[in-house]
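Enquirer: coords below, sequence missing:
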């Protein structure tokens, strides 16, 4: 299941960066969410709350915590632009 999640995540990122139609819809001026606000607390939480204090377990906990808040930048961007196309709506639905 994790491999399917990673594969679909990489394909979404590829579409957003390299697909000519999807890439044109990106508005860098509206995308001002500071992602380190999510990454740093998730890393600290993973260091504090994990099953065993090994690198693998800490990274696993970090990925779980980060996955739980990964939708926030997209929701903030959608709230600012008020423009939800079909691909974006499906992405947010599936991510939720």
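Expert: The structure has been received and is ready for your questions. The structure presented is a predicted model; accordingly, all values stated were derived computationally and were not measured.

Enquirer: can you tell me what sits against the one helix or strand residue 57 maps to?
Expert: Assigned by DSSP states H and E, residue 57 belongs to helix 55-69. Identification of contacts with helix 55-69 by CB atoms under 8 Å, 6 or more residues apart in numbering yields 38, 39, 42, 43, 45, 46, 47, 49, 50, 51. The way it works is simple: take the backbone N, C-alpha and C, and place the C-beta from them, glycine included.

Enquirer: tally of neighbours for the third one?
Expert: Here the neighbour count serves as a burial measure; for residue 42 (other CB atoms under 10 Å) it reads 20.

Enquirer: quick one, what contacts it?
Expert: Residues in contact with residue 42 (CB under 8 Å, 6+ apart) are 62, 65, 66, 69.

Enquirer: now it: how far from residue 28?
Expert: Between residue 42 and residue 28 the computed distance is 24 Å (CB to CB, to the nearest Å).

Enquirer: after the helix holding residue 57, next one along is what?
Expert: Per DSSP H and E, the helix or strand that comes after helix 55-69 is helix 72-81.

Enquirer: got the buried residues for that following helix?
Expert: 73, 74, 77, 78 (16 or more other CB atoms under 10 Å).

Enquirer: a markdown table for those, including distance to residue 20 and pLDDT?
Expert: What follows is the buried residues of helix 72-81, written out as a markdown table (distance: CB to CB, whole Å; pLDDT from 0 to 100):
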| residue | distance to residue 20 | pLDDT |
| --- | --- | --- |
| 73 | 23 | 82 |
| 74 | 21 | 78 |
| 77 | 20 | 77 |
| 78 | 22 | 77 |
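
Enquirer: narrow the contacts of helix 55-69 to those in strands?
Expert: The strands, defined by DSSP state E, take in nothing from the contacts of helix 55-69.
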